[in-house]
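Visitor: Next comes the sequence, and after it the predicted model I'd like to discuss.
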Amino acid sequence: MKGTVLGIEGTAWNLSAAIVNEKDVIAEVSDMYRPPTGGIHPREAAQHHAKYASTVIRGVLEEAKKQGIDASQIDAVSFSQGPGLGACLRTVATAARMLAITLDVPLVGVNHCLAHVEVGRWKTPATDPVTLYVSGANSQVLAYRMGKYRVFGETLDIGLGNAFDKFARSAGLGHPGGPQIEQYAKKASEYIPLPYVVKGMDLSFSGLSTAATAALKTHPMEDVCYSFQETAFAMVVEVTERALAHTGKDEVLLAGGVGANMRLREMLDVMCTERGASFHVPEKRFMGDNGAMIAYLGLLMYESGNVLEIERSHVDPNFRPDQVDVTWLPEDLGGREQTKRLTSGAEAIVKVENGVLIKERVPKNYRQKELDERIRKERTRAEARLLSEARRSGVPTPIIHDVENSTIKMQYIDGIALKHVINEILSEQTGVLVAKLHKAGIIHGDLTTSNLILSNDRIYMIDFGLSFSDSSTEARGVDVHVLFQTFESTHREHEQLTSAFCRGYRKGFGQADEVLERVKEIEKRGRYA
């Protein structure tokens, strides 16, 4: 790869410009918007970027010249096309267009989220990782499959960083909230139970932040910060582990500003060690928003011929990473795809003895001990009860033999995960089964094609660890949304599979249309949907 690219970042707080080539960052200059009080004010941030854009760009060109790189040697200009705050994006895009015209070089529009991933791959040994991307506005689990970065899980309301900031404002702490919460947490003496909201591969932080604020009325700041941090991080690490189990990959990359938190790094490292996966974090300067990551992804895109005409360079505040056709990578990065059912899922160790499957929820050493014990006991009881209820409702599930503490002994279903064989016929059959489940008032909670087993031409539903009883349209909608998200992230013909599922779901459930309409609403709640 050859070339030199100047990139400009300005999606929110940080206005930054950098010049990179295939070897390293040649120069970088930043100027951060700092409001006098509270959080970010989009118009003021945009005004800041407009005021200092020329200074920052001039500064990075001067720094590069000291390294022997002249403006005439720049091959392209890249900029954050989205996602981000609209006013800030438009300001930076204008500056990038003018610079590209002045230098007479191509313009490259970069997805901000993917820039975090690619700079991490550049600056660590990671090659084909599951990426946990957590920042102020973002909380997503991403992995590369079939020519795109797929979203395997994400927040359904606010990003983790924003959840910390929301709590910090209510607690009278300064901004940003994350670093202060981290410091208070180190002085805690007690864990306080708080809502743990994992919905299959997705997350929700708004209720957790509200509950933490309420806990301040009866508990010390140190204990609340500790409990908030432990709960939130356990949620994102669990979803990351689920993505590892589902994809069969063996690398994890941490990206985004929240990734500077040392406790989160420790938890991910423990999880990866226990799973036999490698864990990677770039140096701190590449974690938060920075011009180098925009310049580097711009370089990758430029070298693969992925450039923009000026008239097509409009910004997109809702630019999702899974919208991007990845022209700079081969379709297959060589990730290890599992072809058999895993013996170690995200939650439990599974073994088979004399035709009996033994599922043991072992302690997760990355989780706070009290939280871990609570989750394992609650999920074991719920799984055993709802597996049996689902079976009585006409949904094929394993027969329960025995339950003790965090271990379930059940019938072993000898088959293959549906993710390896699914087609429209099987998807329609799945729709019929989910209709029966929902009609019985049962929510699976983790509907993925890894948790559906084809055995002797019959589909079995397994792994009810996140299941619960609920007859609301909202709960049913989230359940179906998780499956549709799995279709899109894992299977090429996801639109056909979704349509087939809907046919089957409507056959068996009179309220199907109401639920499917709610699924569309839920899809729009993602931070960038």
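Guide: Nice, I can see it. Since the structure is predicted, the reported quantities are computational estimates derived from the model, not experimental observations.

Visitor: List the contacts of the residue nearest in space to the middle of the chain.
Guide: The centre of the chain sits closest to residue 140, judged by CA atoms, centre = their mean, with a distance of 1.6 Å. Applying CB atoms under 8 Å, 6 or more residues apart in numbering to residue 140 gives the contacts 113, 132, 133, 151, 153, 154, 155, 321, 527. Where you see a C-beta, it was placed from the backbone N, CA and C, and this is true even at glycine.

Visitor: what helix or strand does it sit in?
Guide: strand 139-145 (DSSP states H and E).

Visitor: quick one: buried residues of that strand?
Guide: Buried positions in strand 139-145, judged by neighbour count with 16 or more other CB atoms under 10 Å: 139, 140, 141, 142, 143, 144, 145.

Visitor: average model confidence for it?
Guide: In this model, strand 139-145 has an average pLDDT of 94.

Visitor: can you give me how far it is from the chain middle?
Guide: From the chain centre to the centre of strand 139-145 is a distance of 5 Å (CA atoms, centre = their mean, to the nearest Å).

Visitor: Within its sheet, name the partner strands of that strand and how each one runs.
Guide: Take DSSP bridges as the rule and strand 139-145 pairs in its sheet with strand 130-134 (antiparallel), strand 148-154 (antiparallel).

Visitor: okay, those strands, which one's buried deepest?
Guide: strand 130-134 (a mean of 28; mean count of other CB atoms under 10 Å).

Visitor: Could you double-check that residue 331 sits in contact with residue 147?
Guide: Yes. Counting by CB atoms under 8 Å, residue 331 does reach residue 147; the two are 4.9 Å apart.

Visitor: Who has more neighbours out of the two?
Guide: Neighbours around residue 331 and residue 147, counted as other CB atoms under 10 Å, are more numerous at residue 147. The numbers are 15 against 10.

Visitor: Next one: that one from residue 159, what distance?
Guide: 27 Å (CB to CB, to the nearest Å).

Visitor: do the same with residue 279
Guide: 22 Å.

Visitor: can you check residue 266 too?
Guide: From residue 266 to residue 159 the distance is 21 Å (CB to CB).

Visitor: between these two, which one's more packed in?
Guide: Between residue 266 and residue 159, residue 159 has the larger neighbour count (other CB under 10 Å), namely 24 against 12.

Visitor: I'd guessed that one sits against residue 137; true?
Guide: Yes. Residue 159 lies in contact with residue 137 (CB under 8 Å); the separation is 4.6 Å.

Visitor: Could you verify my assumption that residue 141 touches residue 241?
Guide: No. Contact criterion CB under 8 Å: residue 141 and residue 241 do not qualify, at 9.7 Å.

Visitor: which residues in the stretch 251-400 of the chain form helices?
Guide: Ranges of helices in the stretch 251-400 of the chain, per DSSP state H, counting those that start in this stretch, are 262-275, 291-303, 369-392.

Visitor: I'd like the distance from the longest one to the chain centre, please.
Guide: This means helix 369-392. Between the centre of helix 369-392 and the centre of its chain there are 25 Å (CA atoms, centre = their mean).

Visitor: can you check stretch 320-327 too?
Guide: 15 Å.

Visitor: What are the buried residues along that stretch?
Guide: 320, 321, 322, 324, 326.

Visitor: Straight-line length of that stretch, end to end?
Guide: 16 Å (CA to CA, to the nearest Å).

Visitor: which outside residues touch that stretch?
Guide: Outside stretch 320-327, the residues that touch it by CB under 8 Å, 6+ apart are 83, 111, 113-114, 117, 140, 142, 144, 147-151, 301, 304-306, 488-489, 526, 528-529.

Visitor: again, only this time at 6 Å
Guide: Stretch 320-327 has contacts (CB atoms under 6 Å, 6 or more residues apart in numbering) with 111, 113, 114, 147, 148, 149, 150, 151, 304, 306, 528.

Visitor: Likewise for stretch 291-304?
Guide: By CB under 6 Å, 6+ apart, stretch 291-304 touches 1, 3, 5, 7, 9, 16-18, 20, 25, 28, 76, 78, 80, 108, 110, 115-116, 118-119, 122, 327-328.

Visitor: pLDDT (mean, whole number) over it?
Guide: 97.

Visitor: repeat for stretch 151-159
Guide: For stretch 151-159, the per-residue pLDDT averages 91.

Visitor: who's in contact with that stretch?
Guide: So stretch 151-159 is contacted by 136-141, 143, 201-206, 239, 243, 322, 489, 525-527 (CB under 6 Å, 6+ apart).

Visitor: And stretch 468-478, by the same measure?
Guide: If you take CB under 6 Å, 6+ apart as the criterion, stretch 468-478 is touched by 199, 438, 441, 443, 514, 515, 518, 519, 522.

Visitor: Apply 8 Å and report the result again.
Guide: With contacts defined as CB under 8 Å, 6+ apart, stretch 468-478 is touched by 156, 199-200, 202, 382, 386, 438, 441-443, 445, 511, 514-516, 518-519, 521-522.

Visitor: and if you look at stretch 259-267?
Guide: Stretch 259-267 is contacted by residues 132, 134, 178-179, 182, 185, 229-230, 233-234, 236-237, 254, 258, 281, 284, 287-288, 366-367 when judged by CB under 8 Å, 6+ apart.

Visitor: for that stretch, which positions count as buried?
Guide: Within stretch 259-267, the residues that count as buried by 16+ other CB under 10 Å are 259, 260, 261, 263, 264, 267.

Visitor: quick one: pLDDT of the fourth one?
Guide: Note on residue 263: pLDDT of 97.

Visitor: Let's have the contacts of stretch 320-327 in JSON lines, adding distance to residue 400.
Guide: What follows is the contacts of stretch 320-327, written out as JSON lines (distance: CB to CB, whole Å):
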{"residue": "111", "distance to residue 400": "46"}
{"residue": "113", "distance to residue 400": "42"}
{"residue": "114", "distance to residue 400": "44"}
{"residue": "147", "distance to residue 400": "42"}
{"residue": "148", "distance to residue 400": "40"}
{"residue": "149", "distance to residue 400": "39"}
{"residue": "150", "distance to residue 400": "34"}
{"residue": "151", "distance to residue 400": "34"}
{"residue": "304", "distance to residue 400": "53"}
{"residue": "306", "distance to residue 400": "53"}
{"residue": "528", "distance to residue 400": "41"}
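
Visitor: Which two of the residues you listed have the greatest separation?
Guide: Using CB to CB, the two most remote members of these are 304 and 528, lying 23.3 Å apart.

Visitor: bridging residues for residue 356?
Guide: residue 353, residue 411.

Visitor: That one reaches residue 409, doesn't it?
Guide: Yes. If you go by CB under 8 Å, residue 356 and residue 409 touch, sitting 5.5 Å apart.

Visitor: joint contacts of these two?
Guide: residue 401.

Visitor: out of the two, which sits in the more crowded spot?
Guide: residue 409 (18 against 15).

Visitor: tell me the angle of the strand or helix carrying the more buried one relative to helix 369-392?
Guide: Element membership of residue 409 [criterion: DSSP H and E] is strand 407-411. Counting by axes from the mean of the first three to the mean of the last three CA atoms, to 10 degrees, strand 407-411 lies at 20 degrees to helix 369-392.
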